[in-house]
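Asks: please work out how this folds:
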Amino acid sequence: MHTNSFLSAKAFFESGKTLDLFFRKKALESLKNWILKNESLIAESLEKDLDKSAFEAYMTEVGIALSELSFVSKKFPKWMKKQKAKTPTSLFPAKSYVLPRPYGVCLIFSPWNYPFLLAVEPLISAIAAGNAVVLKPSLKSKSVAEVLVKLSKEALPEGLLQVEIGDHDVADNLLEDPFNMIFFTGSPKIGKHVMEMASHHLIPVVLELGGKSPCIVSRTANLALAAKRIAFGKLINAGQTCVAPDYVYADLSIKSELEALLVEEFKAYAPDGAKTKDFPKIIDAQHLSRLQNLVQGEKILCGGNAIGNKLAPTVLANVSFESPVMQEEIFGPVLPILAYKTEAEMIAKLKTLPRPLALYLFGRDEELEKRIFRELHFGGATINDTLMHIASSDIPFGGVGDSGMGNYHGEAGFRAFSHYESVLDRGIWCDFKFRYPPFSEWHYKLLKFFLR
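Replies: Have a look, this model is predicted:
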């Protein structure tokens with residue numbers, strides 16, 4: 001038995017309304033206007049769920065969503081046009097083209113760490129591509145989930161977006177429905193479950209997962225700037241970011257100096273440690289306990305203590321790849337520092353690890369940069385900064401291997417929610433007889449002439 005949300009979205013899609021360019025444009029405009037009108041409400045909900053300041057809420061969620069809306073609204077009419085393609089001589093007379101078509105009814109799972117942005121951003125792509133959507137937000141971010149319900153009722157036509165609030169049973173009920181496409185952001189463990197359930201109906205999936213994203217700091221790096229930018233990337237949202245630098249892998253010759261600079265920057269970012277007012281909280285007691293267990297027994301250069309549901313920014317030294325903190329994605333304000341003696345050693349080690357969602361490289365050595373990009377695999381990268389590659393709508397964002405599959409943002413998002421149908425239009429005024437039997441030696445020579 002299908003869920004009501006699926007049936008409602010299916011009926012809306014089958015009405016044909018989403019196929020119209022002006023309908024999509026109006027829906028995106030309405031979504032943008034609703035966000036602008038409700039900025040304060042969104043910020044309040046993010047403060048309730050994660051203790052995000054209004055500044056951080058706008059910088060990391062609302063502002064990026066608005067920027068993506070502006071970019072996509074301007075560009076998607078071109079993306080949805082019929083695309084001409086070349087036709088081989090052997091198929092003369094004919095013309096070829098490709099039609100971007102919506103999948104139909106799409107299911108989006110959004111996570112708790114960026115609960116507004118990571119719900120709205122794939123929604124923008126889905127609407128631009130002409131789909132109807134069922135959205136299942138995380139229960140851990142209840143306040144934002146309620147805002148998303150309000151958005152669905154006030155910003156968009158009834159049926160275009162259904163928001164389902166509920167626990168794991170609700171999610172599994174949705175996964176029993178024959179959606180045309182599923183977009184999931186979350187942990188690899190749940191991502192595997194989603195993919196397994198999707199396989200029952202052969203539903204295509206996009207999985208945006210995570211992993212232990214390395215931050216390589218070479219001896220040619222500007223260490224003061226590197227420390228500042230690493231601290232920013234690690235501590236925004238209290239480290240609860242899928243592309244946060246999970247650990248620093250530094251050249252041994254600059255490790256001690258970098259450690260001192262990182263401690264300085266971590267303390268500057270949250271001057272009162274776990275008491276810092278504008279520093280976000282850990283989402284719940286379970287995650288906080290997990291983080292505290294990870295730092296036990298490690299050499300703590302700063303932080304390590306928790307007050308209430310906040311964990312002070314923490315730098316760890318003398319960490320090895322065998323340490324417990326290196327066995328899972330940290331997803332919190334804890335930064336282990338490891339060292340390598342040679343670049344060959346560093347690259348060889350990273351090759352043995354699962355492919356991460358992000359990679360960061362600090363330095364001014366073009367040869368090292370070329371070697372890393374030639375030999376290592378990852379979802380995306382930023383050189384001499386952290387996180388910034390995800391803020392561009394002009395380049396795709398997504399993982400590879402353990403960190404996910406498929407990508408989105410900008411045109412990549414439109415493509416993720418579209419099926420590209422290939423069409424060959426044959427002329428009827430000319431028909432080559434050699435394709436039909438009986439075949440002769442002359443037919444065979446003509447065939448070899450055209451197909452070579």
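
Asks: look up the closest residue to residue 195, ignoring the ones flanking it.
Replies: Distance criterion C-beta to C-beta, 6 or more residues apart in numbering; nearest residue to residue 195, sequence neighbours excluded, is residue 205 at 5.5 Å. All C-beta spots, glycine's among them, are computed from the backbone N, C-alpha and C.

Asks: what's near enough to touch the closest residue to residue 406 other than its chain neighbours?
Replies: Sequence neighbours aside, residue 206 is the residue nearest to residue 406 in space, at 3.4 Å (criterion: C-beta to C-beta, 6+ apart). Residue 206 makes contact with 181-184, 398, 404-408, 416 under the criterion C-beta atoms under 8 Å, 6 or more residues apart in numbering.

Asks: ok, now residue 390?
Replies: Residues near residue 390 by C-beta under 8 Å, 6+ apart: 243, 358, 380, 397, 409.

Asks: closest to residue 352 among those residues?
Replies: Checking the contacts of residue 390 against residue 352 by C-beta to C-beta gives residue 358 as the nearest, at 18.1 Å.

Asks: for that closest one, phi and psi?
Replies: Dihedral pair for residue 358: phi -140, psi 160, per degrees, to the nearest 10.

Asks: tell me how far it lies from residue 32.
Replies: Between residue 358 and residue 32 the distance is 28 Å, computed by C-beta to C-beta, to the nearest Å.

Asks: the two: which has the busier surroundings?
Replies: A count of neighbours by other C-beta atoms under 10 Å puts residue 358 above the other of residue 358 and residue 32, at 29 against 18.

Asks: wouldn't that one be in contact with residue 381 here?
Replies: Yes. Contact criterion C-beta atoms under 8 Å: residue 358 and residue 381 qualify, at 6.6 Å.

Asks: find the residues that touch each one of the two.
Replies: With C-beta under 8 Å, 6+ apart as the test, residue 358 and residue 381 both reach residue 389.

Asks: which helix or which strand is home to residue 266?
Replies: helix 255-269 (DSSP states H and E).

Asks: immediately after that helix, which helix or strand?
Replies: Assigned by DSSP H and E, the successor of helix 255-269 is helix 285-295.

Asks: skip the chain neighbours and tell me the closest residue to residue 301.
Replies: Nearest non-adjacent residue to residue 301 (C-beta to C-beta, 6+ apart): residue 315, at 4.3 Å.

Asks: what's the helix or strand for that neighbour?
Replies: Following DSSP H and E, one finds residue 315 within strand 314-317.

Asks: partner strands of that strand, parallel or antiparallel?
Replies: If you go by DSSP bridges, strand 314-317 pairs up with strand 299-302 (antiparallel), strand 334-340 (parallel).

Asks: let me see the mean pLDDT of the longest one.
Replies: This points to strand 334-340. Average pLDDT, strand 334-340: 98.

Asks: then stretch 372-386?
Replies: Stretch 372-386 comes out at a mean pLDDT of 97.

Asks: on that earlier part again, count the residues that sit near the residue nearest to residue 301.
Replies: Residues near residue 315, counting by other C-beta under 10 Å: 26.

Asks: quick check: bridge partners of it?
Replies: Applying DSSP bridges to residue 315 yields these beta-bridge partners: residue 302, residue 335.

Asks: so what's it up against?
Replies: Residue 315 makes contacts with 259, 262-263, 266, 300-303, 335, 337, as judged by C-beta under 8 Å, 6+ apart.

Asks: how far away is it from residue 235?
Replies: Counting by C-beta to C-beta, the gap from residue 315 to residue 235 is 11 Å.

Asks: isn't residue 274 up against residue 310?
Replies: Yes. In this structure residue 274 lies within contact range of residue 310 using C-beta under 8 Å: 4.4 Å.

Asks: before we move on, back to that, most tightly packed of the strands paired with strand 314-317?
Replies: strand 334-340 (a mean of 24; mean count of other C-beta atoms under 10 Å).

Asks: now it, how far from the chain's geometric center?
Replies: Offset of strand 334-340 from its chain centre (C-alpha atoms, centre = their mean, to the nearest Å): 25 Å.

Asks: which other helices and strands does the helix or strand following that strand contact?
Replies: Once the chain leaves strand 334-340, the next helix or strand it forms, by DSSP H and E, is helix 343-351. Packed against helix 343-351 by the contact rule (3 or more C-beta pairs under 8 Å, 6 or more residues apart in numbering; DSSP states H and E) you find strand 247-251, helix 366-375.

Asks: just the contacts of residue 315 now: which is nearest residue 138?
Replies: Out of the contacts of residue 315, the member with the shortest distance to residue 138 (by C-beta to C-beta) is residue 335, at 25.1 Å.

Asks: next up, the contacts around the closest one.
Replies: Each residue near residue 335 by C-beta under 8 Å, 6+ apart is listed here: 230, 234, 245, 247-248, 262, 266, 313-316.

Asks: just those now: which is nearest residue 99?
Replies: Minimum distance to residue 99 across the contacts of residue 335 is 41.5 Å, recorded for residue 245 (C-beta to C-beta).

Asks: mind checking the backbone torsions on the residue nearest to the closest one when sequence neighbours are not counted?
Replies: For residue 245, ignoring the flanking residues on the chain, the nearest one in space by C-beta to C-beta, 6+ apart is residue 215 at 3.6 Å. The phi and psi values for residue 215, taken as degrees, to the nearest 10, are phi -120, psi 100.

Asks: which strand residues bridge residue 215?
Replies: Bridge pairing for residue 215 (DSSP bridges) gives the partners residue 248, residue 360.

Asks: before we move on, back to that, next one: the strand holding residue 315 to chain centre, how far?
Replies: How far strand 314-317 lies from its chain's middle: 27 Å, per C-alpha atoms, centre = their mean.

Asks: in it, what counts as buried?
Replies: 314-317 (16 or more other C-beta atoms under 10 Å).

Asks: which residues are in contact with residue 219?
Replies: By C-beta under 8 Å, 6+ apart, the contact list for residue 219 reads 251, 253-254, 363.

Asks: wait, residue 28
Replies: 69, 72-73, 76, 124, 127-128.

Asks: low-confidence ranges in the stretch 101-250 of the chain?
Replies: Residue ranges of the stretch 101-250 of the chain with pLDDT under 70: none are present.

Asks: now do the helices in it.
Replies: 117-128, 142-154, 168-175, 188-199, 223-235 (DSSP state H, counting those that start in this stretch).

Asks: most tightly surrounded among those helices?
Replies: The most buried one of the helices of the stretch 101-250 of the chain (mean count of other C-beta under 10 Å) is helix 117-128, showing a mean of 27.

Asks: can you list the domains in the chain?
Replies: Domains of the chain are assigned by automatic domain parsing as 4-209+406-421, 214-391.

Asks: out of those domains, which is closest to residue 428?
Replies: domain 4-209+406-421 (8.6 Å).

Asks: ok, what's across the strand from residue 181?
Replies: residue 106.

Asks: now do the contacts for it.
Replies: 103-104, 106-107, 131, 203-206, 417.

Asks: how about a cut-off of 10 Å?
Replies: 102-108, 126, 129, 131, 133, 198, 203-206, 406, 416-419 (C-beta atoms under 10 Å, 6 or more residues apart in numbering).
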